[in-house]
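In: Dropping the sequence and predicted coords here.
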Amino acid sequence: MKKVLSTSLIAGVLLVPQLVGAAELKSGTLTKPSNEAPTTIVKEYAKAKGEFKTLESKRDKVGQVVKLQQTVDGVPVFGGIVVGVVDNDGQLKTVVDDTKQLKGLHKSIKLNEQKAVARYKELVGHKGAYELEPAAELVVYPNGEEAVYAYEVTGTILDADEPSRWTYFIDAASGKVLNKYNQLAHAKPTNGVTGTTYTGTGIDVLGQSQTFKTTKSGSYYYLQDSTRGKGIYTYDAKNRTTLPGSLWADVDNVLNTTYDRAAVSAHVNATKTYDFFKNTYGRNSYDNNGAALNSTVHYSRSYNNAFWDGSKMVYGDGDGQTFTYLSGALDVVAHELSHAVTEYTAGLIYQNESGAINEAVSDIFGTVAEYSVGSNFDWLVGEDIYTPGIAGDGLRSMSNPAANGDPDHYSVRYTGTQDNGGVHINSGIVNKAAYLLASGGSHYGVSVQGIGVMEMGDIYYRALTVYLTPTSNFSSLRQAVVQSAKDLHGATSTQAVAAAKSFDAVGIN
Ligand SMILES: [Zn+2]
């Protein structure tokens, strides 16, 4: 399958240099003990760098994690984030400083939100309807050497050859496009049925017997699991392209026909992915607030693809040769839902190095989920489905990215503009580091002691949810992962040493 950028809605791919100024991580005893609220402590520390508002403040194993958004007169600075971890004595122990330089910023705003949306529609050039109407938000955009006011505009399109969710940054004075990328996201609420929970049985795509939760309402059992978060729902598109289709209804709660298999797999794999994040990381769905997990199967006819449209997973049946029912693989489901977790946590921009980290994180949690659930675990990744905005191609290998032509060391990274700046290509470098951290081995003359799949996953999960920011690059990733290993296991622990070595081995300093 082609990557979506080669069949993009817009002719030509415009890529600007990565936003300037990567995050800096500092650790140690950064402030004296204090009785102030953690948000106050972090704001006080950061105030020399500008204005901030609190994005999040939450307790975790190590302390209180505070995330601040950089602002100018209340307008958010795109990618401008400070993260602070405050211990129980009110001392700041770790800071990620990703504040942006705002050189040359002056307030020149000629477009309003409606004009920005109109400009966006003209640029995207889509004739049909939008699944989610474009919405514009005024931001301060660090644009290379100088900062400008811009509108960040995003809309979702499903009724095209390839679904897309383009984000454009449009200069608020000139209307010029400053940057753009394609990433699907954001959930909409779902309406299920009201009824009683039952346990259904059925046969999945791989021919295995499964049990799962259904809801009985009237004379039907629906594929609606109301016991997890805000629910897990599976729909039938009946080989049409109208979404979400109808909530899957079965008369006897036994789903054992060939037509049922895709639905059984989608429902069970969504359940397993939900349980994986809940049981392993204490995360209640991708937004950590129980967001409903929706799946639609039998989308279109012989459709050789699957995608996450921001509110649901959508699976084709495959043509029976290149693909079978695409809901069959757990790592496919977990990969896509991990993109949603990333969006709600680090917010890694789907472009260049931050985009490659975004992709790698999805590969990593897809694989950790497989391992954790005991579902055909290996270091191969089924990237045979649609990722946010990008259709992947065949399988990737995390243990040996080079086998699929992907780089396994920073010195051989891809520097072109295809694939959003190589998000599915340079992910190989991070995947290799994660593989080495879990399994150990020697690479480019560097030996890494393996710490196991689950411990590797714990460390990356902490890095993702605490220390990574929208514009993190590979070097920030190293800092985030090593710090997470230190947080969880101690500064001189085997795990922290192995984490650092795993990045040495792939040439990330
Ligand atoms: Zn992906």
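Out: Nice, thanks for sending it over. Residues are numbered from 1 along each chain as shown.

In: so who does N253 touch?
Out: 198-201, 214, 216, 221 (CB atoms under 8 Å, 6 or more residues apart in numbering). The C-beta positions use only the backbone N, C-alpha and C, and glycine is treated the same way.

In: repeat that with 10 Å
Out: 198-202, 212, 214, 216, 220-222 (CB atoms under 10 Å, 6 or more residues apart in numbering).

In: with those residues in mind, which one is nearest to V96?
Out: Nearest to V96 among these is F212, at 40.4 Å by CB to CB.

In: Tell me who's in contact with the closest one.
Out: F212 neighbours (CB under 10 Å, 6+ apart): 198-202, 204, 223, 225, 232, 234, 253, 255, 263-264, 267-268, 270-272.

In: Tell me the buried residues within these.
Out: Burial by neighbour count, 16 or more other CB atoms under 10 Å: within these this picks out 200, 202, 204, 223, 225, 232, 234, 253, 255, 263-264, 267-268, 270-272.

In: Spatially, which two of those are the most separated?
Out: N253 and K272 (19.8 Å).

In: which stretches of the chain aren't confidently modelled?
Out: 1-21, 159-163, 184-191, 310, 382-395 (pLDDT under 70).

In: All the helices of the stretch 351-500 of the chain, residue numbers only.
Out: All helices of the stretch 351-500 of the chain, identified by DSSP state H, counting those that start in this stretch, fall at 352-373, 418-422, 427-439, 453-462, 474-489, 494-505.

In: just the contacts of F212 that are near the ion?
Out: Residues of the contacts of F212 in contact with the ion (CB under 5 Å from the ion): none.

In: if you look at those, which of them are in strands?
Out: 198-202, 225, 232, 234, 255 (DSSP state E).

In: Return the member of the residues you listed nearest to P244.
Out: Of those, the one sitting nearest to P244 (CB to CB) turns out to be T234, at 9.5 Å.

In: residues contacting the residue lying closest to the closest one once chain neighbours are set aside?
Out: Computed as CB to CB, 6 or more residues apart in numbering, the closest residue to T234 that is not its neighbour in sequence is L223, at 3.8 Å. L223 makes contact with 192, 200, 202, 212-215, 232-236, 247-250, 255, 260, 263-264, 266-268, 270, 295, 297 under the criterion CB under 10 Å, 6+ apart.

In: go with 7 Å
Out: For L223, the contacting residues are 214, 233-234, 247-248, 263, 267, by CB atoms under 7 Å, 6 or more residues apart in numbering.

In: if I look at T156, how far off is T241?
Out: 15 Å (CB to CB, to the nearest Å).

In: Quickly find the element holding R119.
Out: Taking DSSP states H and E as the definition, one finds R119 inside helix 113-124.

In: What are the buried residues along that helix?
Out: Neighbour-count burial for helix 113-124 flags 116-120, 123-124 (criterion: 16+ other CB under 10 Å).

In: if we take those, which one ends up nearest to the ion?
Out: V124 (21.7 Å; CB to the ion).

In: Once you drop chain neighbours, what's closest to V430?
Out: A360 (3.5 Å).

In: ok, the one you found touching A433?
Out: No - with contact defined as CB atoms under 7 Å, A360 does not count as touching A433 (8.4 Å).

In: Between those two, which is the more surrounded one?
Out: Applying other CB atoms under 10 Å to A360 and A433 shows that A433 carries more neighbours, namely 33 against 28.

In: hang on, the more buried one packs against K501?
Out: No - A433 lies out of contact with K501 (CB under 7 Å); the separation is 9.4 Å.

In: care to break the protein down by domain?
Out: 4-17+106-182, 24-98, 196-279+288-328, 340-505 (automatic domain parsing).

In: Point out the most buried one among those domains.
Out: Burial of the domains of the chain is given as mean neighbour count (mean count of other CB atoms under 10 Å); domain 340-505 ranks first at a mean of 22.

In: Show the contacting residues for E146.
Out: 103-104.

In: Pairing partners for A150 in the sheet, please.
Out: Applying DSSP bridges to A150 gives these bridge partners: V139, D171.

In: wait, doesn't it sit right on I170?
Out: Yes - with contact defined as CB under 7 Å, A150 and I170 form a contacting pair (6.0 Å).

In: three-state assignment of the most centrally placed residue in the chain?
Out: Per CA atoms, centre = their mean, the C-alpha nearest to the average position across the chain is that of H339, at 2.1 Å. Under DSSP: H, G, I helix; E, B strand; the rest coil, H339 falls in the helix class.

In: from what I can see it touches W308, true?
Out: Yes - with contact defined as CB under 7 Å, H339 and W308 form a contacting pair (6.4 Å).

In: CA atoms only for the helix holding R119, dumped as CSV, please.
Out: Provided in CSV are the C-alpha atoms of helix 113-124 (Å, rounded to 0.1, in the frame of the first residue of the first chain):
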residue,chain,number,x,y,z
GLU,A,113,-11.2,32.4,13.2
GLN,A,114,-13.8,32.2,10.4
LYS,A,115,-11.4,33.5,7.9
ALA,A,116,-8.7,31.1,9.1
VAL,A,117,-11.2,28.2,8.6
ALA,A,118,-12.1,29.4,5.2
ARG,A,119,-8.5,29.6,4.2
TYR,A,120,-7.9,26.1,5.6
LYS,A,121,-10.8,24.7,3.5
GLU,A,122,-9.4,26.4,0.4
LEU,A,123,-6.0,24.9,1.1
VAL,A,124,-7.2,21.4,1.8
